[in-house]
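*Asks:* give me a 3D structure for the following:
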Amino acid sequence: MNQQRIDGGYQWRVPAEMEGGTYANLVGVWHTPYDFTLDFAATMQPEQVGDKVVVPARVTSRVKVPVTVIFDLIRALNENMTKYEQQYGAIVRPGQQPLIPPDDLIS
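*Replies:* Reported below is the predicted structural model:
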């Protein structure tokens, strides 16, 4: 275990084999009465299946979160997204126009 971080009284330990993380550009969420499941996936090349185009998605990680923790997860994501946008600017989703043009486009 190489990486360690102390945060809010917890000492986070990241095993060496997990330091690189896992890429995902899609997430699916579902729930039971007891937990939420987040399936993180990487999309693959679209395929023609009959008369439809289907985009396969390979699940790279499945995370189960107890219902008692889901509000903390949402809060942490919101706080970090706010900090990200303060530092780097608004997050623009594919197909959306930025509200303010990047500095290199302003003349």
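*Asks:* show me where the protein has helices.
*Replies:* Ranges of helices within the chain are 70-88, based on DSSP state H.
*Asks:* ok, Leu73 to Val29 distance?
*Replies:* Distance of Leu73 to Val29, computed by C-beta to C-beta, to the nearest Å: 11 Å. Heads up, the C-betas are built off the backbone N, CA and C, glycines and all.
*Asks:* again but with Phe36, I slipped
*Replies:* Counting by C-beta to C-beta - Phe36 and Val29 are separated by 6 Å.
*Asks:* comparing the two, which shows the higher neighbour count?
*Replies:* Taking neighbours as other C-beta atoms under 10 Å, Phe36 and Val29 compare with Phe36 leading, 16 against 10.
*Asks:* now do the contacts for the closest residue to that one other than its chain neighbours.
*Replies:* In this structure, Phe36 finds its nearest non-sequential neighbour in Val65, 4.8 Å apart by C-beta to C-beta, 6 or more residues apart in numbering. By C-beta atoms under 8 Å, 6 or more residues apart in numbering, the contact set of Val65 is Asp35, Phe36, Thr37, Leu38, Leu73.
*Asks:* if any of those residues are buried, put those into a PyMOL selection.
*Replies:* The PyMOL command for the buried members of the contacts of Val65 (criterion: 16 or more other C-beta atoms under 10 Å) is given here:
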select buried, resi 36+38
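*Asks:* show me the contacts of Val65 that map onto strands.
*Replies:* Using DSSP state E, Asp35, Phe36, Thr37, Leu38 are the members of these that sit in strands.
*Asks:* which one of the residues you listed is nearest to Glu19?
*Replies:* Glu19 lies nearest to Leu38 out of the ones in strands among the contacts of Val65, by C-beta to C-beta, at 20.5 Å.
*Asks:* look up how far Asp39 lies from the nearest residue to that closest one once chain neighbours are set aside.
*Replies:* Excluding its sequence neighbours, the residue lying closest to Leu38 (C-beta to C-beta, 6+ apart) is Val63, at 4.7 Å. Remark: distance between Val63 and Asp39 (C-beta to C-beta) = 8 Å.
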